[in-house]
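S.K.: fold the following, please.
(one chain, ligands or ions: 2)
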Amino acid sequence: MAKPQPRYVCQACGASYPKWSGRCDACNAWNTITEEAPRETAPKGLGGGRRGHKLDFVGLAGAEAEAPRRATGIAEFDRVTGGGLVRGSALLIGGDPGIGKSTLLLQVAAALGAPRADGRATARCAYISGEEAVDQVRLRARRLAVTDAAVQLAAATNLRDIVASLDHAEAPDIVIIDSIQTMYVDTLDSAPGTVAQVRTSASELIRLAKRRGFVLLLVGHVTKEGVIAGPRVLEHMVDTVLYFEGERGHQFRILRAVKNRFGPANEIGVFEMTDGGLMEVPNPSALFLAERRGNVSGATVFAGMEGTRPVLVEIQALLAASPLATPRRAVVGWDSARLAMVLAVLEARCGLSLAGNDVYLNVAGGLRISEPAADLAVAAALVSSLSDIPVPEDLVLFGEIGLSGEVRAVSQADQRLREAAKLGFAEALVPPRRGRRTAGPEGIRTREIAHLQDLVRLVAGGETPARLRAAGGGPRALDS
Ligand code: TYD
Ligand code: MG
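M.R.: Ligands and ions are numbered 1, 2, ... in the order given. Next up is the predicted model:
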């Protein structure tokens with residue numbers, strides 16, 4: 001038999017190669033490919049094994065049992081999971097180190113294990129930490145004031161021990177593994193944290209979860225260096241993938257469902273990291289707009305959707321005359337390619353000259369927006385900064401911009417308008433509504449913007465584009 005060749009595996013996405021290379025062709029990450037021990041067992045096919053059992057095929061119709069869910073009582077978490085944790089399912093919670101994954105899961109475990117009125121816990125939770133000692137977790141529990149919850153703690157990394165402790169009829173209802181990258185299977189040669197170890201450990205645990213019917217919550221660190229395998233190598237194995245995100249400097253944390261077999265994806269839950277742990281933020285729009293200062297040029301409010309939930313955020317743009325031959329374009333919280341497109345459309349279709357300006361764009365509050373519906377709000381912020389004319393404080397915008405400068409309809413316009421009206425906004429600039437003319441929700445005037453030129457005229461307060469072009473050197477030039 002041929003000697004097994006070494007394999008080279010990308011620790012970010014799990015792609016494997018016969019040779020080492022600096023960049024992974026599958027996910028374009030650099031320096032993430034490391035050598036792993038070859039797979040010992042070559043695939044043998046089915047010859048020589050036991051005879052298979054016949055499958056029991058059934059029709060599509062039939063009484064399917066509604067998956068029993070266990071709500072945690074943490075509303076923001078339950079929303080993201082689609083109403084609670086489903087028996088026998090596996091969830092992956094990914095995020096940067098230090099973002100608050102252990103804190104979140106300890107709070108979830110504590111909420112589920114909290115004593116009820118009759119003194120018994122709603123669910124039995126086991127929290128297995130491979131990173132921290134039991135005392136460290138206890139210290140955190142004290143800080144979170146949840147020490148009276150029925151949570152079984154253990155520090156372990158050997159999967160054989162963990163499986164032995166969970167594989168019985170009295171298995172807990174919820175099992176938390178923090179983190180999957182610290183777990184190892186002793187029959188594999190590769191080190192903990194490699195793709196092989198992470199995948200094998202996860203698949204053993206997932207199998208056990210299905211068999212014993214417990215909910216499995218796996219923590220996965222996102223890594224940039226590729227020293228340990230990232231959570232992406234597990235995404236296809238689990239039922240639900242949640243990412244916990246946030247800017248390190250901000251206290252806001254966003255839990256986002258990117259895959260969910262038991263609920264809607266793209267749903268978000270918003271938390272605030274405080275001294276006493278994570279607090280729910282039931283009304284994120286109010287929070288994201290809390291520090292807004294009115295009457296400033298370059299700031300607009302975007303009426304966005306995150307999953308099924310409307311979220312209003314402030315978009316800030318700053319244009320400044322640039323001394324550089326290639327002016328800077330810096331973006332926080334939005335897609336830089338999308339910004340380049342909006343800038344190009346403003347230049348080509350509205351005759352604005354932006355080439356000599358540095359452009360900074362910021363989504364306030366640390367939220368990351370991925371909707372093209374933000375185009376109109378971004379364009380308005382840019383024009384407002386360029387002309388140094390503030391947009392009215394009580395104005396919101398949404399709409400996608402096409403390459404010819406046309407403004408395109410976006411989904412869920414009514415929900416966006418309702419949220420804006422609720423928060424006291426009086427006017428909305430929206431894409432033209434196709435066909436059916438319905439009045440928007442009460443309390444908010446809508447004005448349809450068909451083309452970006454109309455927006456420029458409106459925002460720059462009757463300024464013709466030609467006048468703005470003359471001011472291309474920067475907003476100050478307008479005063480002279
Ligand atoms: P942690 O949950 O350990 O992050 P992860 O498991 O994702 O690596 O959270 C770490 C950060 O959270 C740490 O910088 C301290 C901060 N923190 C608070 O601000 N308040 C708290 O109550 C707790 C428990 C942590
Ligand atoms: Mg942790």
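S.K.: make it CA atoms for all contacts and neighbour counts henceforth
M.R.: Will do.
S.K.: what's the domain layout of the protein?
M.R.: Domains of the chain are assigned by automatic domain parsing as 1-38, 70-282, 287-479.
S.K.: buried residues in the shortest one?
M.R.: Translated: domain 1-38. Using 16 or more other Cα atoms under 10 Å as the test for burial, domain 1-38 gives 7-17, 20, 24, 29-38.
S.K.: which of the domains of the chain sits closest to Arg50?
M.R.: Evaluated with Cα to Cα, the domains of the chain place domain 70-282 nearest to Arg50, the distance being 21.3 Å.
S.K.: for the stretch 51-200 of the chain, which spans come out with low pLDDT?
M.R.: Low-confidence segments of the stretch 51-200 of the chain (pLDDT under 70): 63-67, 118-121.
S.K.: for it, which residues are neighbours of ligand 1?
M.R.: Neighbours of ligand 1 within the stretch 51-200 of the chain, by Cα under 6 Å from any ligand atom: 97-103, 140, 143-144.
S.K.: restricted to buried residues, select those in PyMOL.
M.R.: Command for PyMOL that selects the buried part of those, burial taken from 16+ other Cα under 10 Å:
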select buried, resi 99+100+101+102+103+140+144
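S.K.: dump the residues of the stretch 51-200 of the chain next to ligand 1 to JSON lines, plus secondary structure and distance to Val86.
M.R.: Below are these laid out as JSON lines (DSSP: H, G, I helix; E, B strand; the rest coil; distance: Cα to Cα, whole Å):
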{"residue": "Pro97", "secondary structure": "coil", "distance to Val86": "26"}
{"residue": "Gly98", "secondary structure": "coil", "distance to Val86": "27"}
{"residue": "Ile99", "secondary structure": "coil", "distance to Val86": "25"}
{"residue": "Gly100", "secondary structure": "coil", "distance to Val86": "23"}
{"residue": "Lys101", "secondary structure": "helix", "distance to Val86": "20"}
{"residue": "Ser102", "secondary structure": "helix", "distance to Val86": "20"}
{"residue": "Thr103", "secondary structure": "helix", "distance to Val86": "21"}
{"residue": "Arg140", "secondary structure": "helix", "distance to Val86": "27"}
{"residue": "Arg143", "secondary structure": "helix", "distance to Val86": "29"}
{"residue": "Leu144", "secondary structure": "coil", "distance to Val86": "25"}
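S.K.: TSV please, covering the residues of the stretch 51-200 of the chain next to ligand 1 and showing distance to Val410.
M.R.: Shown next, in TSV, are those (distance: Cα to Cα, whole Å):
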residue	distance to Val410
Pro97	35
Gly98	36
Ile99	32
Gly100	34
Lys101	34
Ser102	37
Thr103	37
Arg140	44
Arg143	44
Leu144	42
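S.K.: the residue nearest to Ala154 when sequence neighbours are not counted pairs with what?
M.R.: Counting by Cα to Cα, 6 or more residues apart in numbering, Ile128 is the residue found nearest to Ala154 once chain neighbours are left out, at 4.9 Å. Ile128 has these beta-bridge partners by DSSP bridges: Ala154, Ile177.
S.K.: count the neighbours of Ile128 for me.
M.R.: Look at Ile128: counted by other Cα atoms under 10 Å, it has 22 neighbours.
S.K.: hang on, it packs against Ile177?
M.R.: Yes: assessed by Cα atoms under 8 Å, Ile128 is found in contact with Ile177 at 5.1 Å.
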